[in-house]
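**Student:** Let me see the structure of the following:
(one chain, ligands or ions: 1)
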Amino acid sequence: MDAPQRKTIVLFPLPFQGHINPMLQLANILHTHGFKITVIHAQYNSPNPSNHPHFTFIPIDEGFSKIADQAATNRDGTYFMRYLNESCVDPFRDCLAKLLLDDREMIACVISDVAFYFTQTVADELKLPRLALRTGSMGCVLAYDALPFHSNKTCFCLTKEDSDYEVSVPEYPLLKFKDIAKISINPQGMGDFATNMFNQMKASSGIIWNTFKELEESALETISQDYPTPSFTLGPFHKYFPASSTSLIEQDRTIISWLDKQPPKSVVYASFGSVAHITELEFQEVAHGLANVGLPFLWVVRPGMVIGSDWLESLPENFEERMGDRGRIVKWSPQQEVLAHPATGCFWTHNGWNSTLESICEGVPMICSPCFADQPVNARYVSDFWKIGVFLEDGFERMGIEMMIKRVMMDKEGDEIRERISCLKDKVNLSLDEGGSSFQSLNNLVDYISSF
Ligand code: UDP
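**Tutor:** Okay, here's the model as predicted:
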């Protein structure tokens, strides 16, 4: 008897590094479970097909490059999300319709990023099941759902001078008003975006989460009640497939041999992800903070990250001589390997969800410096809920930076944090082992897709 033909899953990632990585990791996971993979993708931040010869890639013309360079100056992320949700509709529909016309019987479903909320309507029109991939945390979904984006806009604009700045937000007490002021500079736009996203998640055939049950147990309970569609928590995806093959920027691997020469748990690793920007002044404070502590450090400075600079032009005078061989600056690192390296002592992070999960998986304590969107929520969970990091509360200032690094690297508090995050690391591994919650959830997902 002939073996049954492999069905195809069509994937559609949001074109940013922190979304492409988990989507392509998921693609690899599903491929090893017997599915063929077709990736429809924006031309902006196009993945490199030669890194995935077993997948089919189809670019669509979404025109995002026309506005992408505004990202350093326009801090309203909802503007970019709205643009993508409008510009992708026609090319995505045309592309998917053509695939269905060619071989409807063999296409099982489409999996698209939750932020591409328009895809639900297209999938419904074309009578194809859509699964929604949430690349961020469950806690963040609950926070966004609870926050009064539409009703009380002034609370999103508080400054240090306002008396409520340090106060907990009644709708989501884990967060302070100063945290939600960072989430979006456009609460109305953020509320619209979140409403669209959540409505279409509820309308989907299922939600795939890059998290694991033991980390977000209470959030999962609430989500299961609020979202009637099936949820699959099979993360962290990078534990199945590393991010190196999906990296849009070349990772500088020369630093691994430098790390090999550093004492165990001695290095401060600092990286603020693929999207965040900082001012020249903040950049200089980071440099002074790192240099003043006196510990070895590895610092990722993405080209274009410092507003108004190409790369390192605005470093303090004589900085490179001062740091000598004690510090390394790179454009992009093999982050998962760095976090897994025995020399890495802590991770000073912007708390993108991938970075947060990667740190948990390696048991590396965090110093949290969130910038925007979901990062302030993730950071609060890390510092105040799971207590596996410290929060650099008031921005980049050299004395505060030095103090936080010392708390994690030299104080007893750091040891306690390390113990707690090591426990979580053990839980991740158990959840991925045969019979564990993520292992089970992956099997459920594979069975579910096979039933379409
Ligand atoms: N990353 C990397 N090298 C770096 C910095 C980051 O490979 O120097 C990867 C990191 O491992 C993670 C992703 O880029 O998988 C960043 O995603 P995250 O959600 O943490 O933040 P975002 O870039 O979306 O703000």
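
**Student:** all contacts plus neighbour counts: C-alpha atoms, from now on.
**Tutor:** Noted.

**Student:** Next, the residues that contact the lengthiest helix in the chain from outside, please.
**Tutor:** Longest helix in the chain by number of residues (criterion: DSSP state H): helix 412-432. For helix 412-432, the surrounding residues in contact (Cα atoms under 8 Å, 6 or more residues apart in numbering) are 212-215, 234, 236, 360-365, 386-389, 407-408, 436-439.

**Student:** got it, and stretch 7-27?
**Tutor:** 34-42, 44-47, 106-113, 115-116, 133, 135, 210, 237-238, 240-243, 246-248, 274, 352-354.

**Student:** Just the buried subset of those residues, please.
**Tutor:** Buried members of the contacts of stretch 7-27, scored by 16 or more other Cα atoms under 10 Å, are 35-42, 44-47, 107-113, 115-116, 133, 135, 210, 237-238, 241-243, 246-248, 274, 352-354.

**Student:** any idea of the angle the helix or strand containing residue 403 forms with helix 412-432?
**Tutor:** Using DSSP states H and E, residue 403 sits within helix 398-409. On the basis of axes from the mean of the first three to the mean of the last three Cα atoms, to 10 degrees, helix 398-409 is oriented at 60 degrees to helix 412-432.

**Student:** What about the ligand: which of the contacts of stretch 7-27 touch it?
**Tutor:** Among the contacts of stretch 7-27, the ones lying close to the ligand by the criterion of Cα under 6 Å from any ligand atom are 243, 247, 274, 352, 353, 354.

**Student:** gap between residue 442 and the ligand?
**Tutor:** Noted for residue 442: a distance of 20 Å to the ligand, by Cα to the nearest ligand atom, to the nearest Å.

**Student:** With residue 37 instead?
**Tutor:** Residue 37 is 21 Å from the ligand, where distance means Cα to the nearest ligand atom.

**Student:** count of residues packed around residue 322?
**Tutor:** By other Cα atoms under 10 Å, 12 other residues sit near residue 322.

**Student:** List the buried residues for stretch 435-451?
**Tutor:** 436, 437, 438, 439, 440, 441, 442, 444, 445, 449.

**Student:** Please apply the same query to stretch 49-58.
**Tutor:** Burial within stretch 49-58, assessed by neighbour count using 16+ other Cα under 10 Å, is assigned to 55, 57.

**Student:** which residues sit against it?
**Tutor:** By Cα under 8 Å, 6+ apart, stretch 49-58 touches 36, 37, 38, 39, 40, 41, 245, 246.

**Student:** what's the closest of those to the ligand?
**Tutor:** The closest of the contacts of stretch 49-58 to the ligand turns out to be residue 246 (Cα to the nearest ligand atom; 8.5 Å).

**Student:** circling back to that earlier point, next, format the buried residues of stretch 435-451 as CSV and append secondary structure and pLDDT.
**Tutor:** Converted to CSV, the buried residues of stretch 435-451 look like this (DSSP: H, G, I helix; E, B strand; the rest coil; pLDDT from 0 to 100):
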residue, secondary structure, pLDDT
436, coil, 98
437, helix, 98
438, helix, 98
439, helix, 98
440, helix, 98
441, helix, 98
442, helix, 98
444, helix, 98
445, helix, 98
449, helix, 98
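
**Student:** what's the most distant pair in the residues you listed?
**Tutor:** 436 and 449 (20.2 Å; Cα to Cα).

**Student:** picking that back up, now the ones next to the ligand among the contacts of stretch 7-27 in a markdown table, with secondary structure and pLDDT?
**Tutor:** A markdown table is the format used below for those (three-state DSSP; pLDDT from 0 to 100):
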| residue | secondary structure | pLDDT |
| --- | --- | --- |
| 243 | helix | 70 |
| 247 | coil | 89 |
| 274 | coil | 96 |
| 352 | coil | 98 |
| 353 | helix | 98 |
| 354 | helix | 97 |
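
**Student:** follow-up on the earlier one: take the buried residues of stretch 435-451 and write them to CSV, including distance to residue 370.
**Tutor:** Output for the buried residues of stretch 435-451, formatted as CSV (distance: Cα to Cα, whole Å):
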residue, distance to residue 370
436, 31
437, 29
438, 28
439, 31
440, 33
441, 30
442, 31
444, 34
445, 32
449, 36
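
**Student:** what's the closest of those to the ligand?
**Tutor:** residue 438 (19.1 Å).

**Student:** what residues are up against that closest one?
**Tutor:** 212, 213, 233, 234, 235, 431, 432.

**Student:** and for the helix or strand harbouring residue 133, what are the contacting residues?
**Tutor:** Secondary structure from DSSP H and E places residue 133 in strand 130-134. For strand 130-134, the external contacting residues (Cα under 8 Å, 6+ apart) are 23, 109-114, 119-120, 123, 201, 204-210.

**Student:** can you check stretch 315-325 too?
**Tutor:** 283, 284, 287, 288, 291.

**Student:** okay, how far is it across stretch 114-125, tip to tip?
**Tutor:** Length of stretch 114-125, first residue to last, Cα to Cα, to the nearest Å: 18 Å.

**Student:** what does it contact?
**Tutor:** Residues from elsewhere that reach stretch 114-125 (Cα under 8 Å, 6+ apart): 14, 81, 84-86, 89, 93, 110, 112, 129-130, 132-134, 196-197, 200-201, 203-204.

**Student:** in it, what counts as buried?
**Tutor:** Neighbour-count burial for stretch 114-125 [16+ other Cα under 10 Å]: 114, 115, 116, 117, 118, 119, 120, 121, 122, 123.

**Student:** Out of those residues, name the ones that lie in helices.
**Tutor:** Judged by DSSP H, helices contain the following of the buried residues of stretch 114-125: 119, 120, 121, 122, 123.

**Student:** Give me the pLDDT value at residue 244.
**Tutor:** What the model reports as pLDDT for residue 244 is 73.

**Student:** For it, grab the count of nearby residues.
**Tutor:** Neighbour tally, residue 244, other Cα under 10 Å: 18.

**Student:** Which residues are in contact with residue 330?
**Tutor:** Neighbours of residue 330 in contact, by Cα under 8 Å, 6+ apart: 252, 298, 299, 300, 301, 302.

**Student:** Look up which residues are beta-bridged to it.
**Tutor:** Per DSSP bridges, residues listed as beta-bridge partners of residue 330: residue 300.

**Student:** Next, work out how far apart it and residue 256 are.
**Tutor:** 12 Å.
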